[in-house]
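Participant: Turn this into a model:
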Amino acid sequence: MSTIPSAITGDAATRVLIVDDSAVARAALSRFVAADGGFVVAGAVPDAQRALDFLSREQVDVILLDLEMPRTSGIEALPQVIAAGRGARVLVVSSSAAEGAAVTIRALALGAADTLVKPGAGAFASRFGEILLQRLAVLAKPGRPSAVSRDAAVSLGVSFDAIAIGASTGGIHALASLLRAVPGAVAQPIFVTQHLPPSFSPFFAEQVALSGRRPCDVAGDRTLVNRGRILVAPGTAHLTAQRMASGAVVTRLSQAPTATGNLPSVDPMFTSLAEVYGSRLLAIVLSGMGRDGLDGARAVHAAGGTLVVQDQASSVVWGMPGAVAAAGLARAVMTPGAIGAMIAASATVAA
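Facilitator: The predicted structure follows:
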């Protein structure tokens, strides 16, 4: 376990609350958390109500939340837990968070920072503990100071023909917040690359359609780009675009290696859309770990497009947006809701 990055900042360890109705799971999770000196188990409770009672008295940094619990399920209690946590990040640790489960996408859209599949009783192993500590270390990391003022005006004074959005950890909730501020009548097509396993793609598209109040499809190769629609990258390929001789734009799928190693990756999406739309592209980078999107952001900037990134305070992880901001490429740094309001103020509305 010595390879896991420490979450200690100064003299304070990251405080963790465990919420799980299984005594075996609470004991196992407590053991894994306590194995790293950067974390301390602040409490371990068996249900959502006792979690809310605990949070009314105590401050924690991260909450490990099971979804299947008696009386009030974790998914039902999630909004209250997030509010009571006063800034604590919620990591869903549940057998219900199996790959492709619709409840996983719903939890992330409601504001969970990340999810992790909990092994069955008696199957907890050191590898699970290592992964758990890695996730905790990411969620506990303090962000860097914002490189651009977040007080930018809502209207940027630019117009655009297409919107491209890239995101990773924390991005599903941020995207939902952004889309809720965009009127359903906005006509520009929206392209989305969110780091997700392939089996999550259909559930993600359904969630995005609900948040965006417009049709959303998982992009295929040569899918026609229509006004007022959202196209999301499949988990198996990069989402790129090509303008045909007729003037129509179609999506293309690629599995070409990228510098970041992500599949799908934000970089090829931004780069290809910059070639297609040039200065008429609005590119947005939301919460996510790493630097995926930075190379593509440089291509957008070189083509005269507009770049906006999520602010540090509202990001679960400020890696991706922070990298673009630190490079001096961002026109503005805003909350997802403010970005959505800016789109609403600048976008074309369908007749």
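Participant: ok, and the closest non-adjacent residue to Leu286?
Facilitator: Nearest residue to Leu286 in three dimensions, chain neighbours excluded: Ala167, at 3.8 Å (Cβ to Cβ, 6 or more residues apart in numbering). To be clear about C-beta, it is placed using only N, CA and C from the backbone, and glycine gets the same treatment.
Participant: Show me what the helix or strand containing Val93 packs onto, helices and strands only.
Facilitator: For Val93, the host element (DSSP states H and E) is strand 89-94. Contacts defined by 3 or more Cβ pairs under 8 Å, 6 or more residues apart in numbering; DSSP states H and E place strand 89-94 against strand 62-65, helix 74-85, strand 114-117, helix 126-140.
Participant: Any stretches of the stretch 201-350 of the chain with poor pLDDT?
Facilitator: For the stretch 201-350 of the chain, applying pLDDT under 70 flags the ranges 347-350.
Participant: partner strands of the strand holding Val93, parallel or antiparallel?
Facilitator: strand 62-65 (parallel), strand 114-117 (parallel) (DSSP bridges).
Participant: Return the list of helices and strands in contact with the following helix or strand past that strand.
Facilitator: Counting by DSSP H and E, the element after strand 89-94 in chain order, helix or strand, is helix 102-110. With contacts taken as 3+ Cβ pairs under 8 Å, 6+ apart, helix 102-110 sits against helix 74-85, strand 114-117, helix 171-180, helix 201-212.
Participant: residues of the shortest one that come out buried?
Facilitator: Pointing back at strand 114-117 there. 114-117 (16 or more other Cβ atoms under 10 Å).
Participant: circling back to that earlier point, can you pull the contacts of the residue nearest to Leu286?
Facilitator: Ala167 makes contacts with 174-175, 192-195, 266, 285-288, 320, as judged by Cβ atoms under 8 Å, 6 or more residues apart in numbering.
Participant: Which parts of the chain are helices?
Facilitator: 23-34, 48-57, 74-85, 102-110, 126-140, 171-180, 201-212, 266-277, 294-302, 319-326, 336-346 (DSSP state H).
Participant: how many degrees apart are the strand holding Val93 and helix 23-34 in direction?
Facilitator: Strand 89-94 and helix 23-34 are oriented at 140 degrees to each other (axes from the mean of the first three to the mean of the last three Cα atoms, to 10 degrees).
Participant: what's strand 89-94 in contact with?
Facilitator: So strand 89-94 is contacted by 20, 29, 61-68, 74, 78, 81-82, 104, 107, 111-118, 132, 135-136, 139-140, 316 (Cβ under 8 Å, 6+ apart).
Participant: Check the offset of it from the chain's centre.
Facilitator: Strand 89-94 sits 14 Å away from the centroid of its parent chain (Cα atoms, centre = their mean, to the nearest Å).
Participant: Then stretch 252-265?
Facilitator: Worked out by Cα atoms, centre = their mean, stretch 252-265 lies 18 Å from the chain centre.
Participant: quick one on the thing from earlier: okay, the helices and strands packed on strand 89-94, which one's buried deepest?
Facilitator: With neighbours taken as mean count of other Cβ atoms under 10 Å, the helices and strands packed on strand 89-94 reach their highest mean count in strand 62-65, at a mean of 27.
Participant: hmm, back to that, which stretch among the strands paired with strand 89-94 comes nearest Phe124?
Facilitator: Closest to Phe124 of the strands paired with strand 89-94, according to Cβ to Cβ: strand 114-117, at 11.9 Å.
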